[in-house]
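Student: using only what follows, build the 3D model:
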Amino acid sequence: MLYGIAAALAALFLAAVLAALLRALALRLGAVERRRGRVVALLGGPAVVVATVLVAGAGDWTGVAPLGPAAGRLLVAGVGVGALGLVADLRAVPLAVRAAVVTAAAALTVPFGELGLPVGIVAVGWIVLVAHAFTSLDHADGVMGTVAVVTAFALSGCAAAEVMDGLATLLSVLAAALTGFLMHGWPPARIVPGRCGGLFAGFVLASAAVLVHAGREAGPGVGAVFALTVVATADAALVLVSRRRAGRPLLRGACDHLGHRLRHLGVTAPGAAVLVGATGFAGALVGLLIDLGWVGAWAALWVAGGAAVMVLVLLRVPAYGAGFLGKPQAGAHLRVRNR
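Tutor: A predicted model of the protein is given here:
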């Protein structure tokens, strides 16, 4: 208990300090992007990665809180994915290359022995999709970090219930590091997680969800995993359907995500982060309750229904009109990323 509190405080403090230092470095290097007329630093992701690795690694190295083989592999693979994201924040990396690297990392973490080859392959593909969906959640200040925090806390509870103490520790440390980052990333953000933070958090969370539920029955396992990641899934569905209906290229960035449409409805930036975060909390809570056996897998159907209604309602909000939220403007030292 005492170590858990100390580890959480250490990760929170370390991430907050690193985010402040990396913000100054990002502004000097020109690793920035423009959001609604503001220039924000892109290097928030490394702060989360380094804080998580140092605190979780220290617990494992000292033997106070050993991660174990599965969580250890997950952390190492997550660092590789985060490094890929950092490169993508600083220079263009084709989507095919990013997907290939994340696929290889996911293959190292998926327990094929428990799932079997066919289900394991599906799990790898799902991890790749969720990891990239979390990068898309970084379309508005505070959204990705808030959703990732509540998901990490819920998953740590799931892992603890399954007596996977190493994985529970890793997820708790990740949640604390994300909270420390949000001290600088809350609207109006001074630094954002970028692809590094989005890929790292999404990959670790998706892989952890697979590890926790690998030995469970198919119904409760799939229901819990879906509920835990419902926000990323809903945002991806909203964007894909919207762009398809508008005849736009699916991979061309636009202001058509959850946060963008909420802002268009008059919701403030902090309000959008709170609303999306509350949705993620509701889904994560249902996932945790399914995992604990307090509700049946049928509860995930309510989550799916709510997500479908949300997507259908937000599809009616215009997203591609001239001047909608203002288009990102590129400059000599401004990076504009496709979402």
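
Student: out of the helices and strands in the chain, which is least certain?
Tutor: The weakest-scoring helix or strand in the chain, judged by mean pLDDT, DSSP states H and E, is strand 32-35 (a mean of 87).

Student: got the buried residues for it?
Tutor: Residues of strand 32-35 classed as buried: Val32, Glu33, Arg34, Arg35 (neighbour count, 16 or more other Cβ atoms under 10 Å). For every residue, glycine as well, the C-beta is placed using N, CA and C.

Student: quick one: which of the residues you listed is nearest Val128?
Tutor: Ranked by distance to Val128 (Cβ to Cβ), the buried residues of strand 32-35 are led by Glu33 at 23.9 Å.

Student: for the helix or strand just after the least confident helix or strand of the chain, packing partners?
Tutor: Counting by DSSP states H and E, the element after strand 32-35 in chain order, helix or strand, is strand 38-41. Secondary-structure packing of strand 38-41 (3 or more Cβ pairs under 8 Å, 6 or more residues apart in numbering; DSSP states H and E): helix 2-29, strand 32-35.

Student: follow-up on the earlier one: export the buried residues of strand 32-35 as a markdown table, with columns for distance to Ala26.
Tutor: Below are the buried residues of strand 32-35 laid out as a markdown table (distance: Cβ to Cβ, whole Å):
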| residue | distance to Ala26 |
| --- | --- |
| Val32 | 6 |
| Glu33 | 10 |
| Arg34 | 13 |
| Arg35 | 14 |
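
Student: ok, which of the helices and strands packed on strand 38-41 comes nearest Ala105?
Tutor: Closest of those to Ala105 is helix 2-29, at 21.9 Å (criterion: Cβ to Cβ).

Student: coming back round to it: can you pick out the most distant pair from the buried residues of strand 32-35?
Tutor: Pairwise distances across the buried residues of strand 32-35 peak at 9.7 Å for Val32 and Arg35 (criterion: Cβ to Cβ).

Student: what sits closest to Ala227 if chain neighbours are left out?
Tutor: Closest residue in space to Ala227, ignoring its immediate chain neighbours: Gly287 at 3.7 Å, by Cβ to Cβ, 6 or more residues apart in numbering.
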